[in-house]
Structures are given as C-alpha cells and as structure tokens.
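S.K.: Okay, predicted coordinates and the sequence, questions at the end:
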Number of protein chains: 2
Amino acid sequence: MGVTLKLSEDEARKIVEKLNFRHEYDTVIAVLQHYETKDILMVGNMNKEAVFKTLTSGMTHFWSLSRKKLWLKGETSKHFQLVEDFFIDCDEDAVVFLVNPLGPTCHTGNYTCFYRNYRSFIAKH
Amino acid sequence: MGVTLKLSEDEARKIVEKLNFRHEYDTVIAVLQHYETKDILMVGNMNKEAVFKTLTSGMTHFWSLSRKKLWLKGETSKHFQLVEDFFIDCDEDAVVFLVNPLGPTCHTGNYTCFYRNYRSFIAKH
C-alpha cells in the first residue's frame, strides 16, 4: 500500500495555472492507471476545480461531460481512488494519475472501464 | 516482439460504427500504452477515419486538434507505433491501444509524453 499524495493549496494552484485546459468545457484529459499493476482503469475530463480538488484531497475528481457537474469518483460507491503519483504530458493538456482504487473502477462493477478488447466488442454488437 | 494487429475493413467498420465519437471534432480519446512495460506513452484524439486507418494498417493515426488534419504517428520520424491489442471503455468514447513503438513517442525525444511528474513540473515553471 502506497502513500496518498496530497499537495498544498499553493502547490496545486501552481500546477492548475500551468496546465492547458484546451479540451471541451475547459478540461484536460485525465488517465487513471493502477499504481501497482499499471493497468489503465479509466479516462475522464478534469476542469481546473477537479484538478485542484484531486491534488489537495488525494482523491480523483472529474468534470462530468454528460451531467455537466463536478464529480468525486466514489461519492456514491465509496470506491474512491487514492492518488499515488501524478504526471503531466509534453503539451500539458493531458495528465496521468497513478491510483490505488478502493473498489472496482467501472460503474458496471468491472475492475477497469477497459474490460473489453476488440474481439468481445465486435461479438457483443 | 509481438504480432501487429491488422483488422479487415469489415471488422474495422463494425468497430467504428459502434464507438461514440462524442469528443471535440467527433473524436474518441485514444491512450497509447507500451505493450510490454505498460507505461502510458501518449494521449490523443481519433476521429472515425483515424480509428479505421489505425485498425486496418496496424499503425496509430490521430486527428490533430491543433493542425485540424489526420496524422500518421511516425510519418516524419518513422517512429511508427505498431498496434498489439485494442480495448474499448464502458461508454465507448475512449480506447486503449497496446503498442510497440519503433522509437521515442514524444516529439521532445522522450520515451513517453508523460516524462514529468508533478515535482519537476512545478520546479521547471
């Protein structure tokens, strides 16, 4: 078990100021990767507030494109995702969080949202 | 060394028809992950044509949001990314490609676009 990363408000503000929120609804793309298995668990959008709250609380928050609201991952299920480390890409419009998930990431109950490869995707449709 | 995944036009068309191109410029979010190390190398956007060409050629293609054009990764550098496997997320607006990169992924020459963690990101600014 790792140590949850919680930044100070000053540190979080510095990061938020430097990111390029160029995606829809002024967001960056956030990829969640399991800190031990390195499996990719989920992809979502984060606006400034979501990044700030994620970095200062140590739990991932998102901007929901469909519900148009800020959203704490695990708010209902209590399957919070604890942040272990945080990486920024070259053009600063995408980020990766290494996380320790307290339960399945996907709302379907699967460990990851990417539970289907192309074969099962074609077969099921 | 793995085997490059190349789908038939029929298979690729089935997949493209079922994806939800809900992101900007009618795209899905595509995450590239190294097929052996599982490191996340890059995040980009793919429209229908980019997904189709990626799946039928076995080399990743993107829709460039800044240049507003289709783009074969490695067109200039010859650092193509060979597709090894392909996963789709629960709401079908994000995909993961496991890839075998023929050179550094990042235009900066780094192995991955996510070469900075938050400490170096704060320090450099």
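M.R.: Yep, that arrived.
S.K.: Would you mind listing the buried residues in the lowest-mean-pLDDT helix or strand in chain A?
M.R.: Across the helices and strands of chain A, the lowest-confidence element by mean pLDDT, DSSP states H and E is helix A:118-124, at a mean of 89. Of all the residues in helix A:118-124, those buried under the rule 16 or more other Cβ atoms under 10 Å in any protein chain shown are A:118, A:121-122. In this view, the C-beta of every residue, glycine as well, is placed from N, C-alpha and C.
S.K.: is chain B contacted by that helix?
M.R.: Yes: when contact is scored as Cβ under 8 Å from any Cβ of the partner chain, part of helix A:118-124 falls within range of chain B: A:118, A:121-122.
S.K.: quick one: the helices in chain A?
M.R.: Listed in chain order, the helices of chain A (DSSP state H) span A:9-18, A:48-57, A:118-124.
S.K.: dump the residue contacts of the nearest residue to A:Asn47 once chain neighbours are set aside.
M.R.: Take A:Asn47 and drop its neighbours on the chain: the residue closest to it by Cβ to Cβ, 6 or more residues apart in numbering or on different chains is A:Trp63, 4.3 Å away. Taking Cβ atoms under 8 Å, 6 or more residues apart in numbering or on different chains as the definition of contact, the neighbours of A:Trp63 are A:25, A:27, A:44-47, A:49-50, A:69-71.
S.K.: mind showing which ranges of chain A have poor pLDDT?
M.R.: Within chain A, the ranges that satisfy pLDDT under 70 run A:1, A:124-125.
S.K.: residue ranges for the strands of it, please.
M.R.: A:28-34, A:40-46, A:61-64, A:69-72, A:81-88, A:94-101, A:116-117 (DSSP state E).
S.K.: Please list all residues in contact with A:Ile29.
M.R.: By Cβ under 8 Å, 6+ apart, the contact list for A:Ile29 reads A:23, A:43-45, A:93-95, B:29, B:43.
S.K.: Could you rerun that using 7 Å?
M.R.: By Cβ atoms under 7 Å, 6 or more residues apart in numbering or on different chains, the residues touching A:Ile29 are A:23, A:43, A:45, A:93-94, B:29, B:43.
S.K.: Quick check: A:Glu11 touching B:Ile122?
M.R.: Yes: using Cβ atoms under 7 Å, A:Glu11 is in contact with B:Ile122, at 6.2 Å.
S.K.: residues in chain A within reach of chain B, list them.
M.R.: A:11, A:14-15, A:18, A:23-24, A:29, A:31, A:33, A:38, A:40, A:43, A:85-90, A:94, A:96, A:106-108, A:113-114, A:116-118, A:121-122, A:125 (Cβ under 7 Å from any Cβ of the partner chain).
S.K.: sorry, back to before: with distance to B:Asn100 added, can I get the contacts of A:Ile29 in a markdown table?
M.R.: As requested, the contacts of A:Ile29 are arranged in a markdown table below (distance: Cβ to Cβ, whole Å):
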| residue | distance to B:Asn100 |
| --- | --- |
| A:His23 | 28 |
| A:Val43 | 21 |
| A:Asn45 | 29 |
| A:Asp93 | 25 |
| A:Ala94 | 21 |
| B:Ile29 | 21 |
| B:Val43 | 18 |
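S.K.: Apply the buried test to the residues you listed and list what passes.
M.R.: Under a neighbour-count criterion of 16+ other Cβ under 10 Å, the subset of the contacts of A:Ile29 counted as buried comprises A:23, A:43, A:45, A:93-94, B:29, B:43.
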